[in-house]
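Colleague: Sequence and predicted model, in that order:
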Amino acid sequence: MDTIASLFSFITWPVSWVIVQFHKLYGAIFGPDTGWAWGLSIVSLVVLIRICLIPLFVKQIKSTRNMQVLQPKMKAIQERYKSDKQRQSEEMMKLYKETGTNPLSSCLPIIAQSPFFFALYHVLSAIASNKKIGVIDQSLLDSARQAHIFGAPLAAKFMDSADKVEALGASLTDVRVVTAVMIVMMSASQFFTQRQLMTKNVDLTVKTPYMQQQKMLMYIFPLIFAVMGINFPVGVLVYWLTTNVWTMGQQMYVINQNPTPGSKAQEQYLGRLLKSVTSHGEVRGRTRRNTVKRIVAKGTDRNDIERKFVTGLAKLGLAPQEDGTVTKSDTAVAEAEGGAAQRRQQPKRQTKAKRQTTAGQPGKDTDSSGSEPKTSLQKSAPQDDKSKPAGKPASGSSRQAKSGQRKGPQRPKHPSKK
C-alpha cells in the first residue's frame, strides 16, 4: 500500500494544504490538537472532493442505466457472433457508439477520487512515521500525532504493534476496537448502497447476466474493503466511511427523484406524484414535469407502471400534456371508465381441463348454441352430400366396405339397422 501511495506523491501537497486550511477553521472552534479538529478536516476534504465529482456521478448514473437497457442487445450480439470474437467486439463498440454509452463511465467517480485517497494515505503514513510532508511542518505534525478519535490516533492501524501504538500515546485495545467498528460501518454502508441499487432501482422485468454480476459485487466489495481496512490508518477509515455515507445519501436522493423506468422505485415515485396531483390538481416542480413529459413522449412504449399512472390521471379527469402539465379532460374519464367496464365484461377464459370436463358431462339437454345435442347414432353428414344424386356408389366402395376401411363422408345408419 505504501508503494502505491508513493506513486501519487505529486498530489500530497494540495491534499495536505486543504487539510491544513480546514484545520485552522476547526482548530479555532474545538482546539488545534483535538481529534475533532483533524477528523472534521478530513471529512470536509471528502465533501469538497465529492462536490467536485457530482458531474461524474451523474454520468455514472446514466451509464449504468444505459448498460442495463442494452444488456438484451449485448446478449443477442454475443450469441450471434460467439464464434467470431473480433466481429463481436466490433458490434459491441458500434452499439456503444450508437447509444452514446461508455462502459467505463460507471467507474469514473472511483477512478477520479483514487489519487486523493492514496495521497491522504501517504500523508497519514508520514504523520505516523513522524515525517514532515507537504505543507505539514513540525508543529502541525506534533499536533496531528496528539489528535485522537475516540482514543485512537489518526495515524494508527489495526495491525500496528503495541509499541508503535504506545508511541502515539494510545492503547492497542482502543485502537483495535475503534478501527474494527469503523471497518464494520464502512463495509455495511458499502453493502447497503449496492443493495439499494439492486432492489429498488433496477428494472426487474429484464433478467440479464449484468444483474447477476451486480449481485455478486454487492457481497464481494464489502468483503474486499473489510480485508483492506485492517491496513488503513484511522484517518483513512474516516475518509472512506465519509465517502460511503455520502455515496449512499446521494444515491438515495437520485433514486427517489429520478428512478430507473420499470423499477420498484419508479412505482413508488409515480405513486407519490399521483397523490400530489390529486391534492393540488397540477404537477408541481420542474423535475416532476420533466417526468410527465418523458412519459407522454413514450406513447405506446410506456411500461406497466407508467400506463397505470396515466390511467390514474384519467380517472381524476386529467390528461398529461407534452409540456409536462395536466389539463381537465372529460374524454379521459370516459375512456378510463369504458376501459374498466370492458375489462369487467370480458368473461374469464376456462382452462382446457375444465372445458373437457364440461363437454364430457352426460345429461345435457342442449349444447352451447341452444340446439339439441347429437347422439352417437345421429352423425351429421356434410352439406356436400345433399348435392350429390343418389346413385351407384363409387368404384371400389364395396371393397372398402368389406375391408372396413372407409374413406370420405358416409351416410349415417338408421337406428333400426344397427
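Modeller: Yes, it's here.
Colleague: Beyond the top helix by length along the chain, next helix or strand please.
Modeller: Taking DSSP state H as the criterion, the chain has its longest helix at helix 172-200. Per DSSP states H and E, helix 172-200 leads on to helix 209-229 as the next helix or strand towards the C-terminus.
Colleague: Quick check: mean pLDDT of that next one?
Modeller: Across helix 209-229, pLDDT averages out at 75.
Colleague: Give me the angle between it and helix 172-200.
Modeller: 170 degrees (axes from the mean of the first three to the mean of the last three Cα atoms, to 10 degrees).
Colleague: Now do helix 209-229: which elements does it pack against?
Modeller: helix 54-80, helix 172-200, helix 234-257 (3 or more Cβ pairs under 8 Å, 6 or more residues apart in numbering; DSSP states H and E). Any C-beta I mention is one placed from the backbone N, CA and C, and that applies to glycine too.
Colleague: Grab the most central residue of this structure for me.
Modeller: residue 202 (2.4 Å; Cα atoms, centre = their mean).
Colleague: What segments of the stretch 251-400 of the chain are strands?
Modeller: 318-320, 326-328 (DSSP state E, counting those that start in this stretch).
Colleague: buried sites along the helix or strand containing residue 15?
Modeller: Assigned by DSSP H and E, residue 15 falls within helix 12-30. For helix 12-30, a neighbour-count test (16 or more other Cβ atoms under 10 Å) marks 12, 15, 16, 18, 19, 20, 22, 23, 26, 27 as buried.
Colleague: thinking again about what came up before, export the strands of the stretch 251-400 of the chain to JSON lines and append columns for distance to residue 294.
Modeller: Shown next, in JSON lines, are the strands of the stretch 251-400 of the chain (distance: least, Cβ to Cβ, whole Å):
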{"stretch": "strand 318-320", "distance to residue 294": "10"}
{"stretch": "strand 326-328", "distance to residue 294": "14"}
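Colleague: Out of those strands, flag the one nearest residue 119.
Modeller: Closest approach to residue 119 among the strands of the stretch 251-400 of the chain (Cβ to Cβ): strand 318-320, 50.1 Å.
Colleague: I figured the residue nearest to the centre of the chain was touching residue 259, is that so?
Modeller: No: between residue 202 and residue 259 there is no contact under Cβ atoms under 8 Å: 9.9 Å.
Colleague: count of neighbours near the residue nearest to residue 22 when sequence neighbours are not counted?
Modeller: Take residue 22 and drop its neighbours on the chain: the residue closest to it by Cβ to Cβ, 6 or more residues apart in numbering is residue 41, 3.9 Å away. Residues near residue 41, counting by other Cβ atoms under 10 Å, number 24.
Colleague: low-scoring stretches of the stretch 1-150 of the chain, by residue?
Modeller: For the stretch 1-150 of the chain, applying pLDDT under 70 flags the ranges 1-9, 64-65, 68-69, 71-72, 102-107.
Colleague: next one: the stretch 201-350 of the chain
Modeller: 203-214, 330-350.
Colleague: And for residue 238, the neighbour number?
Modeller: 26.
Colleague: In contact with it, which residues?
Modeller: Neighbouring residues of residue 238 by Cβ atoms under 8 Å, 6 or more residues apart in numbering: 39, 42, 43, 149, 154, 182.
Colleague: In terms of distance to residue 131, which of the residues you listed ranks first?
Modeller: Of all the contacts of residue 238, residue 154 has the smallest distance to residue 131: 14.5 Å, by Cβ to Cβ.
Colleague: Next, that closest one: phi, psi?
Modeller: Residue 154 adopts backbone torsions of phi -60, psi -30, taken as degrees, to the nearest 10.
Colleague: If I look at it, what pLDDT would I see?
Modeller: In this model, residue 154 carries a pLDDT of 87.
Colleague: number of nearby residues for the closest residue to residue 38 other than its chain neighbours?
Modeller: Residue nearest to residue 38 in three dimensions, not counting chain neighbours: residue 147, with 4.2 Å by Cβ to Cβ, 6+ apart. Neighbourhood size, residue 147 [other Cβ under 10 Å]: 24.
Colleague: when you give positions from now on, start the count at 40
Modeller: OK, 40 is where the count begins now, so the last one is residue 186.
Colleague: hang on, residue 186 packs against residue 79?
Modeller: No: with contact defined as Cβ under 8 Å, residue 186 does not reach residue 79; the gap is 10.7 Å.
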